[in-house]
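**Student:** model this:
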Amino acid sequence: MTTPVDATPADLGDAQPPTADIGWRSWRPQRPAIATTVLISIGVVVLVARRPTALTDPGLYAEDGVIFLLESLRDGPSAVVEPYNGYIHLLPRLIAAAVEWLPLAWTPVLYSIATAVVSACSAALVLSSRFARLVPAYPVRVALFTSLLLVPRLTEVHLALNSVLWWCAVALLLTALCDDPTTTFGRIGEVAMVAVSVMSGLAGVVLAPIAAARWARTRSRPSLVVLGTWWGCALVQLAVYLTQDRQNGSVPIGPPLIRAAIEKTVGALVLGRRSVDEHWAGGVPTLLLVGLGLLALTWAAIVVCGLGWTDWAAIAWTVAASVVAGFLALGPAAAALPDRYTVLPITALVIGLFAARPPWRALAAAQVALIIVVLALRATDFVVPARPSTDWADSVDCLDDVSRECVVELNPDGWTLTLPPGLR
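**Tutor:** So this is what the prediction gives:
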């Protein structure tokens, strides 16, 4: 069922949920658009606060330098649609193209700020009235927004332009779970966002089925347009991928995949990232792994019993398909499952936990307990370790002299960017 085009309030606002709430659940801001803007701004500050050295001791990370910056300087506008690693990175390259017009010395800081803005805006989709169907209470949606900014385990690439790909995936997941926009402007903006997000990584290909789940739920024209746009861009991205020379690994279906998936997703949520990555770097003890498996089954029961089939199917697909895709991309090395590959499944786990409304008291009590644990443990993951300094200030002295060749140190260790004379 669609909402009339002239419905109010606007898409960024908050509408009266379908069921009446009482007490604190009934609170909602009088000016939703302003509230959303303020929360996004706070979200950007929170993301920067997790790794403040991104601004105080800036530096470029891997592909941010040798791909996005270098190719933007060297190839100009054509670099925007140039494939890398088998697919197109539209949004990161658009950001790199925009930053190119500003002083080169500002590049790492601007990349970090732009990434923080994209991240906060992606998570802010849960603040919209379009998400009230799943989470009616506005304060709960604010808590979910906060959790999404703190949960993804982007230790490796936090505030790196490279991580924009994963936040585009989060935006696609939330779009599939949302209701249709209520205004023409909102519908146009959503289609544009979907096109850019799908063309910014392989997540749009992996998540293509959940776009169909939204249309199956709404049977509306806007959802059909989103489905067509999503699948059309996914086919383009897939065609590019199949024509590139990229070597994939094999997926070790069975215990290695299941163990890594449970440890790096459920384990990170209920034990904390540092426990899984440092204390039990070689794998959590078997008894603890069994307990995490039971928690995973409890989560599944909460979500399946507490959501409609199109919603729980979309969330379950996201968890399973994104983990398998990580193994396919990395092969046997994926047993450690680097943190960037767990962003999407962890996000889906948290959304399902907040959105479900299980009918039985036992499941509802388990849901509340899990939410409390997840929120409490965010403090253990708040501080993202600083990357080793690359002495960007020293590189700036060289970059200011366009007649010199500059070799810029990057993270991780061993990566360098060489800029020939005149290319800046």
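
**Student:** how long is stretch 273-287 from one end to the other?
**Tutor:** Stretch 273-287 has an end-to-end distance of 18 Å (C-alpha to C-alpha, to the nearest Å).

**Student:** Ok, stretch 278-291 next?
**Tutor:** End to end - C-alpha to C-alpha - stretch 278-291 spans 19 Å.

**Student:** now what about stretch 43-63, what contacts it?
**Tutor:** With contact meaning C-beta atoms under 8 Å, 6 or more residues apart in numbering, stretch 43-63 is reached by 69, 84, 107-109, 111-113, 116-117, 119-120, 123-124, 145-146, 149-150, 157-162, 382-387, 389-390, 392, 408-412, 415, 417. From N, CA and C alone the C-beta is placed, and that goes for glycine too.

**Student:** That one: which residues count as buried?
**Tutor:** 43-44, 46-48, 50-51, 53-54, 57-63 (16 or more other C-beta atoms under 10 Å).

**Student:** what's the closest of those residues to residue 99?
**Tutor:** Closest to residue 99 out of those is residue 60 (11.4 Å), distances taken as C-beta to C-beta.

**Student:** so what pLDDT did the closest one get?
**Tutor:** In the prediction, the pLDDT value recorded for residue 60 is 94.

**Student:** Kindly report the same for the one 5 residues further on.
**Tutor:** The predicted local confidence for residue 65 comes out at a pLDDT of 94.

**Student:** Excluding chain neighbours, what is closest to it?
**Tutor:** residue 417 (4.0 Å; C-beta to C-beta, 6 or more residues apart in numbering).

**Student:** Pretty sure that neighbour sits in a strand.
**Tutor:** Yes - remark: residue 417 belongs to a strand, assigned using DSSP: H, G, I helix; E, B strand; the rest coil.

**Student:** quick one, strands of the stretch 301-424 of the chain?
**Tutor:** For the stretch 301-424 of the chain, the strands defined by DSSP state E, counting those that start in this stretch cover 406-409, 416-419.

**Student:** just the strands in the stretch 51-200 of the chain please.
**Tutor:** Using DSSP E, counting those that start in this stretch, no strands are found in the stretch 51-200 of the chain.

**Student:** Flag the shaky bits of the stretch 151-300 of the chain, pLDDT-wise.
**Tutor:** 246-254 (pLDDT under 70).

**Student:** go with 90
**Tutor:** Scanning the stretch 151-300 of the chain for pLDDT under 90 picks out 151-157, 243-265, 267-286, 288-289.

**Student:** same question, the stretch 1-150 of the chain
**Tutor:** 1-30, 85-86.

**Student:** quick one on the thing from earlier: and the contacts of stretch 43-63, which are buried?
**Tutor:** Counted by 16+ other C-beta under 10 Å, the contacts of stretch 43-63 give 69, 84, 107-109, 111-113, 116-117, 119-120, 123-124, 145-146, 149-150, 157-162, 384, 387, 390, 392, 408-411, 415, 417 as buried.

**Student:** Now, the residues you listed that are in helices?
**Tutor:** 107-109, 111-113, 116-117, 119-120, 123, 145-146, 149-150, 392 (DSSP state H).

**Student:** Could you identify the most distant pair in these?
**Tutor:** Longest span within those, C-beta to C-beta: 145 and 392, 31.8 Å.

**Student:** ok, the ones in helices among the buried ones among the contacts of stretch 43-63 vs residue 177, which is closest?
**Tutor:** residue 123 (13.0 Å).

**Student:** Sticking with residue 229, tell me its helix or strand.
**Tutor:** helix 221-243 (DSSP states H and E).

**Student:** which of the residues in that helix are buried?
**Tutor:** 222-223, 225-227, 229-231, 233-234, 236-238, 240-241.

**Student:** which of those residues lies closest to residue 181?
**Tutor:** Distances from residue 181 to the buried residues of helix 221-243, taken by C-beta to C-beta, are shortest for residue 222, at 6.6 Å.

**Student:** and this structure, what are its domains?
**Tutor:** Split into domains by automatic domain parsing, the chain comes to 1-246+388-424, 248-383.

**Student:** returning to what we had before: for residue 256, find the nearest of the strands of the stretch 301-424 of the chain.
**Tutor:** Closest to residue 256 of the strands of the stretch 301-424 of the chain is strand 416-419 (C-beta to C-beta; 34.1 Å).

**Student:** chain center to that closest one: distance?
**Tutor:** 29 Å (C-alpha atoms, centre = their mean, to the nearest Å).

**Student:** who touches the residue nearest the centre of the chain in this structure?
**Tutor:** The centre of the chain sits closest to residue 167, judged by C-alpha atoms, centre = their mean, with a distance of 2.7 Å. By C-beta under 8 Å, 6+ apart, the contact set of residue 167 is 115, 118-119, 122-123, 343.

**Student:** can these go into JSON lines with extra columns for distance to residue 356?
**Tutor:** Formatted as JSON lines, these follow (distance: C-beta to C-beta, whole Å):
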{"residue": "115", "distance to residue 356": "30"}
{"residue": "118", "distance to residue 356": "28"}
{"residue": "119", "distance to residue 356": "25"}
{"residue": "122", "distance to residue 356": "22"}
{"residue": "123", "distance to residue 356": "19"}
{"residue": "343", "distance to residue 356": "21"}
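
**Student:** Go through those and say which is closest to residue 32.
**Tutor:** Nearest to residue 32 among the contacts of residue 167, with distances taken as C-beta to C-beta, is residue 123, at 16.1 Å.

**Student:** Could you check how many residues crowd around the residue nearest to the closest one when sequence neighbours are not counted?
**Tutor:** Among residues not flanking residue 123 along the chain, residue 148 sits closest, at 4.1 Å (C-beta to C-beta, 6+ apart). Residues near residue 148, counting by other C-beta atoms under 10 Å, number 26.

**Student:** can I assume residue 148 is in contact with residue 170?
**Tutor:** Yes - at 7.0 Å, residue 148 counts as touching residue 170 under the criterion of C-beta atoms under 8 Å.

**Student:** Next, show the common contact partners of these two.
**Tutor:** With C-beta under 8 Å, 6+ apart, residue 148 and residue 170 have common neighbours 123, 347.

**Student:** and stretch 24-39, how far apart are its ends?
**Tutor:** Using C-alpha to C-alpha, the two ends of stretch 24-39 sit 18 Å apart.
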